[in-house]
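Peer 1: 3D model of this:
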Amino acid sequence: MRRVVISGLGMVAPTGIGAEIFWRALLEGRCAIDRITRFDPSSYPCQVGGEVRDTSYEALLDPRLLRTTVHATQLAVAAAELALRDACLDTRSCEPDLLGVALGTALGGWRDAAQQQGILLERGARRVNPFIVNGTPNHAAAAEVASAFGAQGAQLTFSAGCPASLQAIHHGATLIASGELDVCLAGGTESPLIPMVLAAMGRTQELSVMNDEPARASRPFDCHHAGIVLSEGSCVVVLESEESAARRGARPYAEVLGGASSCDARGIYGYDPSGDPGARAVRRALSRSGIKSEEIDYVCAHANASPTFDRKETLVIHSAFGEAARRIAVSSIKGITGHPFGASGAFQVAATALALRNQLLPPTHNLESPAPDCDLNHVTGAPRAASIRHAMITSYGYGGVNSYLVMGAADRPALA
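Peer 2: This is a model prediction of the structure:
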């Protein structure tokens, strides 16, 4: 099995365009959450979210894509272009059959489908965008990324809710490790800020209603965590074999070591109160990575500011790591980014890759007083300098999905 590294990061996010802006936002607390401007949110319980307001990414796209694809796809193609530029990789130099795409999304083209439904009802069938049917399905983003960069290897879409992009990155790394691919554009994309989603999740009281303080609305692990703040965006990473990166003289951010997933099997809204299915998957991920639990230095947590998910995450970490859970540094990026559903795991991977390169842990913003049932070694306030050799990314979703990825510093010695 070949070693797999991350050599490029690309993101189109509420924090801005590109990895540098994203990283500075995490370190400096530049929150991207504000009152929604895309439609009038005044009649909804939650009126805030993380919008991508910098549309300069559109200059990266073929003008055809702006007419024929949905918002989530456009975000993904732009993020992939940024990732390749960051990796200094021209895909024309790749063997097409060994270049693949693996993307995750929960809702795909819901935003655009809802818009076209409104046009149909108000203006009639002849005014509907003819490309909406083929542009809306979840696999459309991966198809357009593959087309844009000539990737003729595996083209995969994951749609297991919030963990979708983490699963996509894990699977892309597995294909490279096995030799099926040399390079994979992997990550996620999401565009959930639409009236239907805010209305429905408002009815189920899952969203934060701190509308007067948008920058403080997402409060992972905090005793005042009161719900999710939705956001949009895309994050794509360049995965490649260590040999491929070395041939190009690339400087990897980090190494992908392994991962695992499980399911609580309690339906869409239930979860296993013991935390055992998640803890067992954590242990499998560590075993597959050749890493002992005491060697994990940092957990980049899913922690989406939902009391239920924050509580479950804490339970799983304690169950999986035992006494080591009190030592391992933990933080969440969602106080800054909000929660972009199926793209969230990819943004966490990017944050962890940057933390490993810079040996610096981003704090959990808006975490002022941890909830009693979220008793972990939280990174709060300011970034924390640390010696980080191994890290784990966690992701949880509706349906009881649990997904984990283990990463290591790029200069790790070869395993015995």
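
Peer 1: from here on, just use CA atoms for contacts and neighbour counts.
Peer 2: Fine.

Peer 1: please identify which helix or strand holds the nearest residue to residue 184 once chain neighbours are set aside.
Peer 2: Spatially, and ignoring its direct neighbours in sequence, residue 184 is nearest to residue 100 (4.6 Å; Cα to Cα, 6 or more residues apart in numbering). Here residue 100 sits within strand 99-104, counting by DSSP states H and E.

Peer 1: and that strand, which strands flank it?
Peer 2: strand 155-158 (parallel), strand 183-190 (parallel) (DSSP bridges).

Peer 1: show me what counts as buried in the helix or strand just after the longest one.
Peer 2: Toward the C-terminal end, the helix or strand that comes next after strand 183-190 (DSSP H and E) is helix 195-203. If you call a residue buried by 16 or more other Cα atoms under 10 Å, then helix 195-203 has these buried ones: 195, 198, 199, 201, 202.

Peer 1: how about the strands in the stretch 301-416 of the chain?
Peer 2: 329-331, 360-361, 377-378, 384-385, 390-397, 401-409 (DSSP state E, counting those that start in this stretch).

Peer 1: with mean pLDDT, distance to residue 86 and mean neighbour count added, can I get those strands in JSON lines?
Peer 2: Listed next are the strands of the stretch 301-416 of the chain as JSON lines, based on pLDDT from 0 to 100; distance: least, Cα to Cα, whole Å; neighbours: other Cα atoms under 10 Å:
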{"stretch": "strand 329-331", "mean pLDDT": "98", "distance to residue 86": "25", "mean neighbour count": "24"}
{"stretch": "strand 360-361", "mean pLDDT": "98", "distance to residue 86": "20", "mean neighbour count": "22"}
{"stretch": "strand 377-378", "mean pLDDT": "98", "distance to residue 86": "31", "mean neighbour count": "18"}
{"stretch": "strand 384-385", "mean pLDDT": "97", "distance to residue 86": "24", "mean neighbour count": "14"}
{"stretch": "strand 390-397", "mean pLDDT": "98", "distance to residue 86": "22", "mean neighbour count": "26"}
{"stretch": "strand 401-409", "mean pLDDT": "98", "distance to residue 86": "18", "mean neighbour count": "26"}
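
Peer 1: mind checking those strands for the one nearest to residue 278?
Peer 2: strand 401-409 (5.7 Å; Cα to Cα).

Peer 1: contacts for the closest one?
Peer 2: With contact meaning Cα atoms under 8 Å, 6 or more residues apart in numbering, strand 401-409 is reached by 160, 163, 166-167, 170, 253-264, 277-278, 281-282, 285-286, 289, 353, 356-357, 388-396.

Peer 1: rerun at 6 Å
Peer 2: With Cα atoms under 6 Å, 6 or more residues apart in numbering as the test, strand 401-409 has contacts from 254-263, 278, 356, 389-396.

Peer 1: pairing partners for it, with directions?
Peer 2: Under the criterion DSSP bridges, strand 401-409 sits next to strand 254-263 (antiparallel), strand 390-397 (antiparallel) in its sheet.

Peer 1: phi, psi of residue 80?
Peer 2: phi -60, psi -40 (degrees, to the nearest 10).
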